[in-house]
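S.K.: quick one: sequence and predicted model below, then my questions.
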Amino acid sequence: MTARIERPLSPHIQTYRWTLTMALSIVHRATGIALYFGTLLLAWWLIAAASGPTAYANVQAFTGSFIGKLIVFGYTWSLMHHLFSGIRHLVWDLGYGFKANEREALSWGALVAGISLTVLVWIIAYAVGGGR
């Protein structure tokens, strides 16, 4: 007869109280994955530009559509968020920002900076591109 050994269970998502830092850590990973797929769109655009006017027009028609603009906007936000969240991680790697108020400030800073810079880039792009 073997005795059953009671081992402690690992904590899981339901055990912890959600914080902004936890959520942005998950979003950082998700934006990293999104950047892989968005880079395929960027590669398609570059290959089409090198292939000729017809191929380029097809890509421009897609990216100019509502769904295309939505995807490019999401790619822009993913890039900006991942950038600022990466800077947040760099600050932590340097050994700073581990106090509770510092973690919150870095998290809010990354979130606000990513959204703000995305909106700013799109405003500038529309101003320069004439709303195309």
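M.R.: That came through fine.
S.K.: how near is Phe62 to Thr19?
M.R.: Remark: distance between Phe62 and Thr19 (CB to CB, to the nearest Å) = 39 Å. For the C-beta atoms, the positions are set from N, CA and C on the backbone; glycine is no exception.
S.K.: the two: which is more packed in?
M.R.: Phe62 (17 against 13; other CB atoms under 10 Å).
S.K.: tell me the backbone dihedrals of the more buried one, please.
M.R.: phi -70, psi -50 (degrees, to the nearest 10).
S.K.: mind listing what it touches?
M.R.: Gly68 (CB atoms under 8 Å, 6 or more residues apart in numbering).
S.K.: tell me how far it lies from Leu35.
M.R.: 19 Å.
S.K.: same question for Ala125.
M.R.: Ala125 is 19 Å from Leu35, by CB to CB.
S.K.: show me where this structure has helices.
M.R.: 20-51, 53-64, 66-93, 100-129 (DSSP state H).
S.K.: could I get the buried residue list for the first one?
M.R.: The neighbour-count criterion (16 or more other CB atoms under 10 Å) identifies 24, 27-28, 31, 34, 38, 41, 45, 48 as the buried residues of helix 20-51.
S.K.: tally of neighbours for the residue nearest to Ala113 when sequence neighbours are not counted?
M.R.: The spatial neighbour of Ala113 that comes closest, neighbours along the chain excluded (CB to CB, 6 or more residues apart in numbering), is Phe84 at 4.5 Å. Each residue near Phe84 was counted by other CB under 10 Å, and the total is 22.
S.K.: Phe84 touches Ser107, doesn't it?
M.R.: No. Taking contacts as CB atoms under 8 Å, Phe84 lies outside contact range of Ser107: 10.1 Å.
S.K.: so where is this protein shaky, pLDDT-wise?
M.R.: 1-3, 7-14, 131-132 (pLDDT under 70).
S.K.: one more time with 90, if that's ok
M.R.: Across the chain, the ranges flagged by pLDDT under 90 are 1-19, 129-132.
S.K.: how much space between Val59 and Leu70?
M.R.: Val59 is 16 Å from Leu70, by CB to CB.
S.K.: how about Trp108?
M.R.: Going from Trp108 to Leu70 by CB to CB gives 26 Å.
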